[in-house]
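Visitor: need the 3D shape of this:
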Amino acid sequence: MAADSVLLEPNRPRVVRLEVPLRRWPEALDGFKVALLSDFHYDRVFSVHPIHAAIGIVNDLHPDVLLLCGDFVSVPLFDTYGTTAASDAEPCARLLRQMHATHGSWAVMGNHDYFTDPRRVTAALQDEGIRVLANESVPVEANGARFWLAGVNDVISRTADLDKTLCGVPADEATILLAHEPDYADEASRFPVDLQLSGHSHGGQVRFPFVRPLYLPELARKYVWGLYRIGTLSLYTNPGLGTVGLPIRWNCPPEITLLTLKRSAVAAGRLSSEPACQPPLM
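Guide: Predicted coordinates:
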């Protein structure tokens, strides 16, 4: 078991496919495919391997858009600010640029990015053609219809501003929000947001049957992994590709999420902190 948790499971990303019905989703965009990845925590010894493995998998899925939910680098355990760790942003970005989607690749910063050097991480991504959303929204148009892609700054850094992010977005048009921390969904559910996509939790990284993960970070303790409904908001929490702290995953493989978005005539009205749909553990 110990060898598997270090050598095998962390390096074998799996694909989780889900259909997500959204009440305001444009009918002309039924079947729109979103590839979601998060928490890369690039390093040259461990987390580089699942990122490499993910490139071919993502490209074979032919997503319409690729969304990256932060933590491209890691704050070192013994360096509070971790400015030197930001140098991992460039090799991470060079790998991620090899993943392709029809409507491009988009990202937000995570807490590890913020507490290293968010300007350098942002520049590394954008230099490779990956657009970073920082409290802003952009329209995405296809098949004569459009939706809005929004992204907030890292929530733990206290720089996320959803009012600013959604300023200018028509209230009757579908909006997908990228927010690194999943528990921010309680705040996002107060706004006209249809779908929030997040990471941060690592799914717990080490999971024992029938009990909650032994450790979950701040703002990832409520919506840990999977698909949730919070009022009319749908949320998916991705358990990440890389590892942080110990390079171990057990019963919690790295994940590439492929979400197929559909128009639904029925609003998701259930308020819940339990997953509406969680991938079965391997």
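Visitor: ok, Arg229 to Tyr223 distance?
Guide: As defined by CB to CB, to the nearest Å, Arg229 lies at a distance of 10 Å from Tyr223. For the C-beta atoms, the positions are set from N, CA and C on the backbone; glycine is no exception.
Visitor: where does pLDDT dip in the stretch 151-282 of the chain?
Guide: 266-282 (pLDDT under 70).
Visitor: would you list every one of the strands in this protein?
Guide: In the chain, the segments counted as strands under DSSP state E are 14-22, 32-37, 65-68, 105-107, 130-132, 136-142, 145-151, 175-178, 195-198, 226-230, 233-237, 255-263.
Visitor: make CSV out of the ones you listed and add mean neighbour count and distance to Gln205.
Guide: Shown next, in CSV, are the strands of the chain (neighbours: other CB atoms under 10 Å; distance: least, CB to CB, whole Å):
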stretch, mean neighbour count, distance to Gln205
strand 14-22, 17, 15
strand 32-37, 24, 16
strand 65-68, 25, 19
strand 105-107, 25, 22
strand 130-132, 20, 25
strand 136-142, 15, 31
strand 145-151, 22, 25
strand 175-178, 26, 22
strand 195-198, 27, 16
strand 226-230, 22, 15
strand 233-237, 26, 13
strand 255-263, 21, 12
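Visitor: need the ones you listed in JSON lines (columns: distance to Met99).
Guide: Shown next, in JSON lines, are the strands of the chain (distance: least, CB to CB, whole Å):
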{"stretch": "strand 14-22", "distance to Met99": "13"}
{"stretch": "strand 32-37", "distance to Met99": "8"}
{"stretch": "strand 65-68", "distance to Met99": "6"}
{"stretch": "strand 105-107", "distance to Met99": "7"}
{"stretch": "strand 130-132", "distance to Met99": "9"}
{"stretch": "strand 136-142", "distance to Met99": "17"}
{"stretch": "strand 145-151", "distance to Met99": "17"}
{"stretch": "strand 175-178", "distance to Met99": "16"}
{"stretch": "strand 195-198", "distance to Met99": "16"}
{"stretch": "strand 226-230", "distance to Met99": "23"}
{"stretch": "strand 233-237", "distance to Met99": "18"}
{"stretch": "strand 255-263", "distance to Met99": "10"}
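Visitor: closest to Thr122 out of the ones you listed?
Guide: Of all the strands of the chain, the one in closest proximity to Thr122, counting by CB to CB, is strand 130-132 (4.7 Å).
Visitor: run through the neighbouring helices and strands of the closest one.
Guide: With contacts defined as 3 or more CB pairs under 8 Å, 6 or more residues apart in numbering; DSSP states H and E, strand 130-132 has these neighbours: strand 105-107, helix 118-127.
Visitor: repeat that for 10 Å
Guide: Counting contacts by 3 or more CB pairs under 10 Å, 6 or more residues apart in numbering; DSSP states H and E, strand 130-132 packs against strand 65-68, strand 105-107, helix 118-127, strand 145-151.
Visitor: quick one: which of these is nearest Arg207?
Guide: When those are ranked by distance to Arg207, counting by CB to CB, first place goes to strand 65-68 at 23.6 Å.
Visitor: strands paired with the closest one, and their directions?
Guide: Using DSSP bridges, the strands paired with strand 65-68 in its sheet are strand 32-37 (parallel), strand 105-107 (parallel).
Visitor: quick check, central residue of the protein?
Guide: When the chain is reduced to its mean C-alpha position, the nearest residue by CA atoms, centre = their mean turns out to be Cys69, at 3.3 Å.
Visitor: how near is Cys167 to Thr159?
Guide: Distance from Cys167 to Thr159, counting by CB to CB: 16 Å.
Visitor: who has more neighbours, the two?
Guide: Neighbours were tallied for Cys167 and for Thr159 using other CB atoms under 10 Å; the higher tally belongs to Thr159 (14 against 11).
Visitor: and that one, what does it touch?
Guide: Residues touching Thr159, when contacts are defined by CB atoms under 10 Å, 6 or more residues apart in numbering, comprise Met109, Tyr114, Pro118, Ala134, Asn135, Val152, Asn153.
Visitor: burial of the third one, as a residue count?
Guide: Just to be clear, that refers to Pro118. Residues near Pro118, counting by other CB under 10 Å, number 22.
Visitor: isn't it right up against His180?
Guide: No: under the contact definition of CB atoms under 10 Å, Pro118 does not touch His180, with a separation of 11.6 Å.
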